[in-house]
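**Q** show me how the following folds:
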Amino acid sequence: MNATSNRRLLALDVMRGLTIAGMILVNTPGTWGYVYAPLRHAQWNGLTPADLIFPFFMFIMGISTYISLGKYNYTFGTPAALKIVKRTCLIFLIGVAVNCLFQYCYGNGAFAVGEIRILGVLQRLALCYGASALIALLVRHKHIPYVIVALLTGYFVILITGNGFACDETSILSIADRFVLGAAHMYQGHPIDPEGLLSTVPSVAHVLIGFCVGKLLMETKDIHVKLERLFLIGTILTFVGFLLSYGCPINKKVWSPTFVVVTCGLGSSLLALLVWIIDIKGYKRWSRFFESFGVNPLFIYVLADVLAILLGVITVTYQGESASLQQAFYAGILQPIFGNEGGSLAYAILFVLLNWSIGYILYKKKIYIKI
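**A** Numbers count the residues shown, from 1 in each chain. As a prediction, this is how the structure comes out:
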């Protein structure tokens, strides 16, 4: 048996770190007015490279959930339930706190509770982790695929009957969010909240697919069998998702069922490629950059959010006028050298490196901040 068979897959940490670095890169251009097309999300139906990053992280979260729940023998009990609830609430509240900071800083120092966005990326991660972990403890694992199919099918019915693919306020997604949360607490600038309430349903299925993949991976110690399973799952899900997209469009903002299936398929294929490169062939040196992100993923993501907000509101004098540090650095240094899009990308890369430097220090000191 290969020597790598019994070791933890380094590729899992690397892919987790790759997705965190990718989210930071996509979320913090020098200016939103100039962004290269691959780094923009699809305006509505369709799929861009930027659309893959967040679902890849959720897919990995599902695999990690399978691994972490092993210490409870996948049995529901008070210790397991308390941990799940505590972590779910912590991540959700941190997400709300980041939204509060954003609202305060960009509201000219006025803190309006009635305008705080309730949901968001961290909140979605919290809800999906909590729901999928509880399902994994309460439902026999052989029945989880049926739960996934039921969630995705039920959501598709909701979309079809509720005008869910309409990009306006007549969509059932928008109606549900406005009714439960109120328009002031939703994502502003678009009629559909990309992390809305109803679209959390297929997101739970998304994490459960990762959970099932984690189960298939950990059931065998042979690294080559793991690789075969990942490639097989990835190929099947990707093809099925694209075939079904003729009747159910791939849409990130809606988090359509086909978006779930395709991105899980591509995520499985990417993980298989990383396993082959890192854990089988042993090409690991390049991956240490992303491993620094992967060992403290949520902490670095939150840190990046906070730093991005601060760089966007702390002002300096630039050409006789008040400008944020971000604007001054982009317009005064990067844009003249690299051009509009190039300068915007350069800012995003430098911001990723800033967060990496902090993550690398924690990584070298073996400091793991669990959220």
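**Q** can you tell me the element G343 falls in?
**A** helix 340-364 (DSSP states H and E).
**Q** ok, for L216, nearest residue in space, not its chain neighbours?
**A** Leaving aside its chain neighbours, L216 sits nearest to R229 (5.1 Å; criterion: Cβ to Cβ, 6 or more residues apart in numbering). Yep, even glycine has a C-beta here, placed from its N, CA and C like the rest.
**Q** packing partners for the helix or strand where the one you found lies?
**A** Using DSSP H and E, R229 falls within helix 223-244. Packing contacts for helix 223-244, counted by 3 or more Cβ pairs under 8 Å, 6 or more residues apart in numbering; DSSP states H and E, involve helix 200-218, helix 257-274.
**Q** that one: which residues count as buried?
**A** I223, K226, L227, R229, L230, F231, I233, G234, L237, T238, G241, L244 (16 or more other Cβ atoms under 10 Å).
**Q** biggest separation within these, which pair?
**A** By the measure Cβ to Cβ, I223 and L244 form the most distant pair in these, at 31.8 Å.
**Q** spatially central residue for the chain, please.
**A** Nearest to the geometric centre of the chain sits F54, at 2.7 Å (Cα atoms, centre = their mean).
**Q** touching, that one and T19? I think so.
**A** Yes: using Cβ atoms under 8 Å, F54 is in contact with T19, at 7.5 Å.
**Q** low-confidence ranges in the stretch 151-300 of the chain?
**A** By pLDDT under 70, the stretch 151-300 of the chain contains no weakly predicted segment.
**Q** what about S322, which helix or strand?
**A** Counting by DSSP H and E, S322 is found in strand 321-324.
**Q** so what strands line up beside that strand?
**A** Counting by DSSP bridges, the strands paired with strand 321-324 are strand 315-318 (antiparallel).
**Q** extract the C-alpha set from the strand it pairs with and format it as PDB.
**A** Taking C-alpha atoms only, strand 315-318 is exported to PDB below (Å, rounded to 0.1, in the frame of the first residue of the first chain):
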ATOM      1  CA  THR A 315      -9.100  58.700   4.300                       C
ATOM      2  CA  VAL A 316      -5.900  60.500   3.200                       C
ATOM      3  CA  THR A 317      -5.400  63.600   1.100                       C
ATOM      4  CA  TYR A 318      -4.800  62.700  -2.500                       C
END
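**Q** what comes up buried for it?
**A** Going through strand 315-318 with 16+ other Cβ under 10 Å, nothing comes out buried.
**Q** what's the mean pLDDT across that strand?
**A** Average pLDDT, strand 315-318: 84.
**Q** show me what the helix or strand hosting the residue nearest to the centre of the chain is packed up against.
**A** Assigned by DSSP H and E, F54 belongs to helix 49-69. Judged by 3+ Cβ pairs under 8 Å, 6+ apart, the packing partners of helix 49-69 are helix 10-27, helix 121-138, helix 200-218, helix 257-274.
**Q** 6 Å instead?
**A** helix 10-27, helix 200-218, helix 257-274 (3 or more Cβ pairs under 6 Å, 6 or more residues apart in numbering; DSSP states H and E).
**Q** state which helix of this protein is the longest.
**A** Secondary structure of the chain per DSSP state H: the longest helix is helix 78-106.
**Q** show me which residues of that one are buried.
**A** Quick answer for helix 78-106 (16+ other Cβ under 10 Å): 80, 84, 87-88, 91-92, 94-96, 98-99, 101-105.
**Q** of the residues you listed, closest to Y187?
**A** When the buried residues of helix 78-106 are compared against Y187 (criterion: Cβ to Cβ), the nearest one is N99, at 10.1 Å.
**Q** against S174, how distant is the nearest residue to the closest one once chain neighbours are set aside?
**A** In space, and not counting its chain neighbours, N99 is closest to R117: 4.7 Å by Cβ to Cβ, 6+ apart. R117 sits 15 Å away from S174, going by Cβ to Cβ, to the nearest Å.
**Q** these two - which one has more neighbours?
**A** S174 (24 against 21; other Cβ atoms under 10 Å).
**Q** for the closest residue to Y301 other than its chain neighbours, what are its contacts?
**A** Leaving aside its chain neighbours, Y301 sits nearest to I20 (5.6 Å; criterion: Cβ to Cβ, 6+ apart). Contact analysis of I20 by Cβ atoms under 6 Å, 6 or more residues apart in numbering lists F293, P297, I300, Y301.
**Q** please name the residues that touch L52.
**A** T263.
**Q** how does it look with 10 Å?
**A** By Cβ atoms under 10 Å, 6 or more residues apart in numbering, the contact set of L52 is T19, G22, F59, K252, F259, V262, T263, L266, G267, L270.
**Q** what does L18 give?
**A** L18 is in contact with 11, 53, 56-57, 60, 270, 274, 287, 289-291, 293-294, counting by Cβ under 10 Å, 6+ apart.
**Q** and it, how close does it get to G214?
**A** 18 Å.
**Q** A42: which of the contacts of I20 is nearest?
**A** Y301 (21.9 Å).
**Q** show me what the helix or strand hosting that closest one is packed up against.
**A** In the assignment (DSSP H and E), Y301 maps to helix 297-313. For helix 297-313, the elements it packs on are helix 10-27, helix 49-69, helix 78-106, helix 121-138, helix 288-294, strand 321-324, helix 325-329, helix 340-364, judged by 3 or more Cβ pairs under 10 Å, 6 or more residues apart in numbering; DSSP states H and E.
**Q** secondary structure class for L119?
**A** coil (DSSP: H, G, I helix; E, B strand; the rest coil).
**Q** which residues touch it?
**A** By Cβ under 10 Å, 6+ apart, the neighbours of L119 are 92, 95-96, 99, 126-127, 177, 181, 185-187, 193-197, 199-200.
**Q** returning to that earlier point: ok, the residue nearest to L216 touching A272?
**A** Yes: look at R229 against A272 with Cβ atoms under 10 Å: they come within range, at 8.4 Å.
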